[in-house]
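Participant: Predicted model, plus sequence, below.
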Amino acid sequence: MRHKKWYNTVMFIIKKKSVKILIAVLVLALVTTTIGCMPMTGLESRAFVASDVPKVATYVQGEDGQLQRKGEMARGTEVTVTGQSATLEADAKATASADVTTEADPTAGSDATTEADPTAGSDATTEAAPTAGSDATKDADAKSAIHLVLVKAGDLEAYISEDALVERVDQIVREEKVYARTPATVYQENSGADIAGFARKGTVLDVVGFDEVNRDGVVKKYRVEYPDKDTGEALSGWVYGKYMVNTQEKADAPYNENGENEKAKKARYGIELYGGRAENLDYYPVEKPEIKGNEFCKNARTMYLNWYAAVHNKEYLELIEESGCNAVVIDIKDGPLSYDSEVAKELAPTAYKTSHVSMGVFKEAVKQFNDAGIYTIGRIACFNDGYYGKDNPEDCINGTGWPSAFSRNAWEYNVKLAVEAVRQMGFNEIQFDYVRFPEASYELSRSGADFRNEYGEEKAEAIQNFCFYAADQIHEAGAYFSADVFGECSNGYPTAYGQYWPAISNVVDAISSMPYTDHFGDSDTWSEPKAVMKVWANNAAKAQQMIPTPAVARTWITGYNTPHWSPSVTYDEGKLRQQIDALNEAGLDGGFIPWNAASPIDKYRQYKGIWSGEESSGTGE
């Protein structure tokens with residue numbers, strides 16, 4: 001009876017509304033506290049993979065029940081955390097090494113997404129389980145265990161370190177510092193071409209943010225802080241992650257996988273040309289892009305059109321259809337601007353005021369070629385630009401009026417013109433000509449001319465660094481990038497004006513040299529063009545083989561009567577075929593562009609057979 005009375009009293013109290021509320025609050029608090037104290041493995045939940053390197057190790061249970069290393073998972077991968085967990089004991093951890101996670105692939109592109117491929121690297125060889133920590137450079141601590149949790153991502157199910165999981169995608173990148181493996185432009189914002197500064201190879205940068213990661217876990221761009229080179233004041237900006245590594249040692253090391261740097265050390269001319277040292281240039285592999293909706297023309301049988309020919313194009317379009325020509329180079333800027341660019345209006349008003357036609361007229365002309373299925377290449381003469389030089393003398397080599405390739409303002413102007421042309425007119429590719437210092441650079445250097453060298457670069461370094469910058473911006477705009485070079489730069493040394501074939505070819509999508517047959521000295525090298533072209537092409541082919549990721553070689557050929565100072569040899573279809581045959585026989589089979597500044601329709605008709613794509617008879621006649 002005593003127990004029943006106690007029971008009745010308790011039930012009477014509980015039935016009161018205020019007491020019911022108090023009990024509910026206490027139960028809720030107890031549950032919340034319990035869940036908060038539980039490890040992540042206690043309940044199924046969503047999480048993201050995080051690390052200070054692009055990928056982290058994953059593990060599976062072997063037939064013997066032991067955990068074994070099996071593949072990797074990219075950071076940024078969204079996973080479901082199950083209720084299962086496991087522990088790596090001290091013995092299993094003793095074999096830990098620095099390959100627990102992998103650093104950025106130097107050829108990785110910038111196809112950014114946080115939806116990382118969860119199966120990346122899942123076919124890796126199974127090995128004894130090392131530690132699952134997120135820092136690839138740390139040694140294993142054999143005295144303590146590592147807690148793993150079972151996660152699911154798509155069809156993949158594997159164990160991963162609990163420390164490698166975070167709740168929010170903005171927490172996935174854990175680097176505190178990055179190191180410039182490749183000289184890198186620092187941008188003012190995470191989009192756009194405005195330059196804030198420059199990070200030389202080996203520069204240490206503090207990471208304060210990032211934009212996104214790609215499917216391999218590679219950061220597209222880091223937001224960084226770095227000291228001003230003059231004042232030491234902290235500056236901030238954005239750098240591409242593909243040029244960064246996670247240790248000073250890796251950043252300082254030159255690329256020499258197949259002896260590239262050792263070969264570069266031997267790339268010397270007989271005297272000092274003041275163009276720079278080949279061994280100071282960057283030869284890390286560069287992944288060539290495949291742009292969605294824009295197929296790269298790997299064998300371009302190209303016709304050159306100056307601005308007038310491009311606008312008054314009826315006969316040219318008819319000839320293109322008759323001949324089988326599949327690409328055109330159209331002048332955007334060859335001294336004067338072809339159209340009244342808004343970029344020039346701001347940065348080079350003299351060029352804007354003296355442009356040939358309106359943007360609307362020029363845009364319609366380019367559209368006609370695009371509508372005909374022709375691959376369109378917009379040509380921009382970069383640093384030989386007296387119009388920009390007149391408006392911006394502070395960017396020019398002192399006393400010359402030639403904008404210096406060291407000048408970041410001149411970089412921005414040309415690249416912004418290129419991006420505008422791609423977005424406004426739909427060019428498939430941008431071709432930069434005059435990607436160099438003046439031909440008189442040797443004499444200017446010896447006389448102590450002021451080249452406006454703000455960052456202490458060598459000339460060949462500045463040209464390659466400009467190509468990196470231009471390629472990144474033009475690719476993001478949706479077009480490919482090519483560069484014109486002198487025939488001399490295939491001779492195995494950095495030239496006085498800063499061109500070195502392997503360094504440029506490694507960065508651009510197509511390299512277009514200009515080995516015109518009447519440019520090899522005063523002796524007659526033009527009457528039998530195949531002979532001189534064959535010698536040149538074999539040297540160029542060797543330069544292509546010096547690097548792991550060369551560009552397509554699409555060569556300018558002589559399309560005018562020679563020699564240019566006193567024409568006496570008619571260049572007809574036979575003479576042009578001789579040049580094309582020599583290129584193809586050397587393996588430089590990326591196409592050709594006959595150069596004739598006047599774009600004469602009658603001359604083009606004279607050798608229209610070269611554009612057909614049919615093989616030569618072998619006679620060259």
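Facilitator: The structure has been received and is ready for your questions.

Participant: Within the helices and strands, which one has Asn384?
Facilitator: When secondary structure is defined by DSSP states H and E, Asn384 falls outside every helix and strand.

Participant: isn't it right up against Val435?
Facilitator: No: between Asn384 and Val435 there is no contact, the gap being 9.9 Å when judged by CB atoms under 8 Å. Yep, even glycine has a C-beta here, placed from its N, CA and C like the rest.

Participant: Of those two, which one has the most company?
Facilitator: Neighbour count, other CB atoms under 10 Å: between Asn384 and Val435, Val435 has more, with 27 against 20.

Participant: Tell me which residues touch the closest residue in space to Ser612 that isn't next to it in sequence, please.
Facilitator: Spatial nearest neighbour of Ser612, excluding adjacent residues (CB to CB, 6 or more residues apart in numbering): Gly324 at 4.3 Å. Neighbour list for Gly324: Arg301, Trp611, Ser612, Gly613 [criterion: CB atoms under 8 Å, 6 or more residues apart in numbering].

Participant: Buried among those residues? Make that a PyMOL selection.
Facilitator: Listed next is the PyMOL selection for buried residues among the contacts of Gly324, using 16 or more other CB atoms under 10 Å:
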select buried, resi 301+611
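
Participant: I'd like the contacts of Gly324 as CSV, with secondary structure and pLDDT appended.
Facilitator: As requested, the contacts of Gly324 are exported to CSV (DSSP: H, G, I helix; E, B strand; the rest coil; pLDDT from 0 to 100):
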residue, secondary structure, pLDDT
Arg301, strand, 98
Trp611, helix, 97
Ser612, helix, 93
Gly613, coil, 80
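
Participant: So the residue nearest to the spatial centre of the chain versus Gly241, what's the distance?
Facilitator: What sits nearest the mean C-alpha location of the chain, by CA atoms, centre = their mean, is Asp472, with 4.5 Å. For Asp472, the distance to Gly241 (CB to CB, to the nearest Å) stands at 12 Å.

Participant: Also Gly275?
Facilitator: Here the criterion is CB to CB. By it, Gly275 lies 30 Å from Gly241.

Participant: Tell me where the stretch 401-550 of the chain has helices.
Facilitator: Assigned helices in the stretch 401-550 of the chain, in chain order: 408-425, 441-446, 459-477, 501-505, 529-544 (criterion: DSSP state H, counting those that start in this stretch).

Participant: Other residues contacting the helix or strand following the last one?
Facilitator: Downstream of helix 529-544, the next assigned helix or strand under DSSP H and E is strand 552-553. By CB under 8 Å, 6+ apart, the residues outside strand 552-553 that reach it are 296, 298, 505, 509-511, 513, 540, 544, 583, 588-591.

Participant: Swap in 10 Å and give it another go.
Facilitator: If you take CB atoms under 10 Å, 6 or more residues apart in numbering as the criterion, strand 552-553 is touched by 288, 296-300, 480, 482, 490, 501, 505, 508-513, 537, 540-541, 543-544, 583, 586-592.

Participant: Ala405 is in contact with Trp411, correct?
Facilitator: Yes: in this structure Trp411 lies within contact range of Ala405 using CB atoms under 10 Å: 8.0 Å.

Participant: Common neighbours of those two, please.
Facilitator: With contacts taken as CB under 10 Å, 6+ apart, Trp411 and Ala405 have Cys382, Phe383, Ala462, Asn465, Phe466 as neighbours in common.

Participant: Which pLDDT does the model give the first one?
Facilitator: What that stands for is Cys382. The predicted local distance difference test score for Cys382 is 98.

Participant: wait, what's in contact with it?
Facilitator: Cys382 makes contacts with 333, 388, 403, 405, 410-411, 413-415, 417-418, 432-436, 466, 470, 483-484, as judged by CB under 10 Å, 6+ apart.

Participant: Go again with 6 Å.
Facilitator: Residues touching Cys382, when contacts are defined by CB atoms under 6 Å, 6 or more residues apart in numbering, comprise Asn414, Phe432, Tyr434, Val435.

Participant: The last one too?
Facilitator: Contacts were defined as CB under 6 Å, 6+ apart; by that measure Phe466 touches Trp411.

Participant: Quick check: what element follows the helix or strand of the chain with the lowest mean pLDDT along the chain?
Facilitator: Ranked by mean pLDDT, DSSP states H and E, the weakest helix or strand in the chain is strand 127-128, scoring a mean of 37. Scanning forward in sequence from strand 127-128, with DSSP H and E defining helices and strands, the next element found is strand 146-153.

Participant: Show me how this protein divides into domains.
Facilitator: Here the domain assignment for the chain is 45-171, 177-257, 278-612, based on automatic domain parsing.

Participant: of all those domains, which lies closest to Tyr269?
Facilitator: When the domains of the chain are compared for distance to Tyr269 using CB to CB, the nearest one is domain 278-612, at 4.3 Å.

Participant: how much distance is there from that closest one to the middle of the chain?
Facilitator: Taking the mean C-alpha point of domain 278-612 and that of its whole chain, the gap between them comes to 19 Å (CA atoms, centre = their mean, to the nearest Å).

Participant: Select, out of the helices of the stretch 401-550 of the chain, the one closest to Ala598.
Facilitator: Ranking the helices of the stretch 401-550 of the chain by distance to Ala598, with CB to CB as the measure, places helix 529-544 first at 19.9 Å.

Participant: Mind giving me the packing neighbours of that closest one?
Facilitator: In terms of contacts (3 or more CB pairs under 6 Å, 6 or more residues apart in numbering; DSSP states H and E), helix 529-544 is packed against helix 573-585.

Participant: Restricting to C-alpha, output the helix it packs on in CSV.
Facilitator: Written as CSV, here are the backbone C-alpha positions of helix 573-585 (Å, rounded to 0.1, in the frame of the first residue of the first chain):
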residue,chain,number,x,y,z
GLU,A,573,51.6,27.1,-105.6
GLY,A,574,54.7,25.1,-106.2
LYS,A,575,57.0,27.3,-104.1
LEU,A,576,54.5,27.3,-101.2
ARG,A,577,54.1,23.5,-101.5
GLN,A,578,57.8,23.1,-101.1
GLN,A,579,57.7,24.9,-97.8
ILE,A,580,54.7,22.9,-96.6
ASP,A,581,56.3,19.6,-97.5
ALA,A,582,59.5,20.5,-95.6
LEU,A,583,57.4,21.3,-92.5
ASN,A,584,55.4,18.1,-92.7
GLU,A,585,58.5,16.0,-93.3
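
Participant: what's the angle from that helix to helix 529-544?
Facilitator: Computed with axes from the mean of the first three to the mean of the last three CA atoms, to 10 degrees, the direction of helix 573-585 lies at 30 degrees from that of helix 529-544.

Participant: Just name whatever secondary elements helix 573-585 is in contact with.
Facilitator: Packed next to helix 573-585, using 3+ CB pairs under 6 Å, 6+ apart, are helix 529-544.

Participant: Any buried residues in the helix it packs on, and which?
Facilitator: Neighbour-count burial for helix 529-544, counted by 16+ other CB under 10 Å, picks out Pro529, Lys530, Val532, Met533, Lys534, Trp536, Ala537, Asn539, Ala540, Ala541, Ala543, Gln544.

Participant: Any stretches of the protein with poor pLDDT?
Facilitator: For the chain, residues meeting the criterion pLDDT under 70 lie at 1-43, 90-144, 615-621.

Participant: Next up, the contacts around Tyr500.
Facilitator: Contacts were defined as CB under 6 Å, 6+ apart; by that measure Tyr500 touches Ala278, Ala460, Pro494.

Participant: By neighbour count, which of the residues you listed wins?
Facilitator: Looking at the contacts of Tyr500 with neighbours defined as other CB under 10 Å, the largest count falls to Pro494 at 31 neighbours.

Participant: Verify the stated contact: it with Glu461.
Facilitator: No: judged on CB atoms under 6 Å, Pro494 makes no contact with Glu461 at a distance of 9.3 Å.

Participant: what is in contact with those two at once?
Facilitator: Common contacts of Pro494 and Glu461 (CB under 6 Å, 6+ apart): Gly276.

Participant: Using PDB, write out the CA atom coordinates for stretch 402-411.
Facilitator: Once side chains and other backbone atoms are set aside, the C-alpha atoms of stretch 402-411 remain, and they are given as PDB (Å, rounded to 0.1, in the frame of the first residue of the first chain):
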ATOM      1  CA  TRP A 402      58.100  50.700 -77.700                       C
ATOM      2  CA  PRO A 403      56.000  49.400 -74.800                       C
ATOM      3  CA  SER A 404      58.100  47.200 -72.600                       C
ATOM      4  CA  ALA A 405      57.300  43.600 -72.200                       C
ATOM      5  CA  PHE A 406      58.200  44.100 -68.500                       C
ATOM      6  CA  SER A 407      55.200  46.600 -68.200                       C
ATOM      7  CA  ARG A 408      52.200  45.000 -66.500                       C
ATOM      8  CA  ASN A 409      50.100  47.900 -67.800                       C
ATOM      9  CA  ALA A 410      51.000  46.900 -71.400                       C
ATOM     10  CA  TRP A 411      50.200  43.300 -70.500                       C
END
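
Participant: Appreciated, that's everything.
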